[in-house]
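When you get a sec, could you give me coordinates for this:
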Amino acid sequence: MRCARLRPPSRETGVEIYVEVSFIMGLRKLALLGICLGVAASAAPSVRAQSCTASQAAAVECFVANAVTTKITSPRYGMTLPQFEAYGVAVSLIVQTHHSYLLLTGAASAISDAMPPTNANGSANQSAQDLAVSQMVNAAAAGGFVTPPTGTTVQDLQWFTLDLVTAMNDNEGMLQMLTPGVGLRMIDSYIVTGTSNGTVNWTQVDSNLSTAVDNLMSAGLMKLPATHTTAQVKTLVNSVAQAIYAYKVSTNRTTL
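All right, here's what the predicted structure looks like:
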């Protein structure tokens with residue numbers, strides 16, 4: 001695993017890590033370093049030199065300030081420098097979580113695999129992928145599957161996942177081989193079969209997805225955390241289906 005500068009499109013890549021999915025737990029430690037390198041602070045290092053050890057947040061701010069000073073990265077997502085600094089601290093908190101961090105990382109790899117930032121004809125469409133990320137993170141947060149750590153917001157979770165997805169988009173075909181997006185493609189298969197003459201019968205799709213979840217549960221292929229219910233999973237799956245459909249419409253794709 002190595003840190004790498006990724007392609008410089010309209011926004012700088014905030015998570016400067018090259019993701020090797022098979023070592024997901026190793027990614028957690030490397031992500032803290034790589035993401036912090038990609039998150040900027042507003043002040044020069046000398047300004048913060050006397051407070052760098054005051055707290056974990058101060059340490060992160062000083063560390064990323066050096067990254068900005070040496071031109072490793074710059075603010076993105078329309079943030080002001082103070083907002084970008086706060087986001088850097090938020091990222092350091094997110095990567096210290098457990099289930100939220102892992103779920104967002106898994107979602108990022110699935111989206112990068114099954115929902116690339118391109119149209120069906122191969123032309124770029126970053127906004128379609130970005131919207132899918134935001135919709136899925138919102139759905140996961142609404143259902144309690146991911147929880148912003150104290151001091152962070154759902155918006156921070158969205159930006160964090162967008163950063164991961166952007167990094168994973170440059171994977172040299174490895175994600176296609178590992179197929180982390182198989183779950184999204186399975187959900188899409190129900191959308192495809194529920195579509196007639198270009199119109200989706202969402203009542204049918206939601207019913208079939210509900211049955212699919214029940215079957216996976218009864219077969220032992222899907223197991224729930226003690227804090228969640230089957231109904232919550234079904235709601236999440238239905239929301240993901242809506243995000244997939246919006247992505248397909250935007251990119252003119254018939255399937256993922």
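
Secondary structure element holding the nearest residue to Val154 once chain neighbours are set aside?
Excluding the flanking residues, the one nearest Val154 by C-beta to C-beta, 6 or more residues apart in numbering is Ala141, at 4.8 Å. C-beta coordinates here come from the backbone N, C-alpha and C atoms, glycine included. Per DSSP states H and E: Ala141 is located in helix 126-142.

residue boundaries of the helices in this protein?
Remark: helices assigned in the chain by DSSP state H are 24-37, 45-48, 56-69, 81-94, 99-114, 126-142, 154-169, 174-178, 182-193, 202-218, 230-251.

Run through the stretch 151-256 of the chain and note the low-pLDDT ranges.
Nowhere does the stretch 151-256 of the chain drop to pLDDT under 70.

mind redoing it with 90?
The stretch 151-256 of the chain contains residues with pLDDT under 90 at 170-178, 222-227.

do the stretch 1-150 of the chain as well
For the stretch 1-150 of the chain, applying pLDDT under 90 flags the ranges 1-88, 97-99.

which one of the helices of the chain lies closest to Pro148?
Shortest distance between Pro148 and the helices of the chain, using C-beta to C-beta, is found for helix 154-169: 5.7 Å.

May I see the buried residues of the helix holding Ala141?
Neighbour counts over helix 126-142 (16 or more other C-beta atoms under 10 Å) mark 126, 128-141 as buried.

Enumerate every residue touching Pro148.
Pro148 is in contact with 94, 100, 141, 154, 156-157, counting by C-beta atoms under 8 Å, 6 or more residues apart in numbering.

Please state the backbone phi and psi of it?
Phi and psi for Pro148, reported as degrees, to the nearest 10, are phi -60, psi 130.

gap between it and His98?
Noted for Pro148: a distance of 14 Å to His98, by C-beta to C-beta, to the nearest Å.

re the thing from before, which stretch among the helices of the chain is buried most, on average?
helix 154-169 (a mean of 24; mean count of other C-beta atoms under 10 Å).

residues making contact with stretch 206-218?
Stretch 206-218 has contacts (C-beta under 8 Å, 6+ apart) with 186-187, 190, 193-194, 222-224, 230, 233-234, 237-238, 241.

Would you mind putting the residues you listed into a markdown table with distance to Thr80 alongside?
As requested, the contacts of stretch 206-218 are exported to a markdown table (distance: C-beta to C-beta, whole Å):
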| residue | distance to Thr80 |
| --- | --- |
| Met186 | 41 |
| Ile187 | 38 |
| Tyr190 | 43 |
| Thr193 | 47 |
| Gly194 | 44 |
| Met222 | 43 |
| Lys223 | 43 |
| Leu224 | 41 |
| Thr230 | 43 |
| Val233 | 38 |
| Lys234 | 40 |
| Val237 | 37 |
| Asn238 | 37 |
| Ala241 | 36 |
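
quick one: which of those is nearest Leu164?
When the contacts of stretch 206-218 are compared for distance to Leu164 (C-beta to C-beta), Ile187 wins out at 20.4 Å.

got a list of what the closest one touches?
Residues near Ile187 by C-beta under 8 Å, 6+ apart: 209, 237, 240-241, 244.
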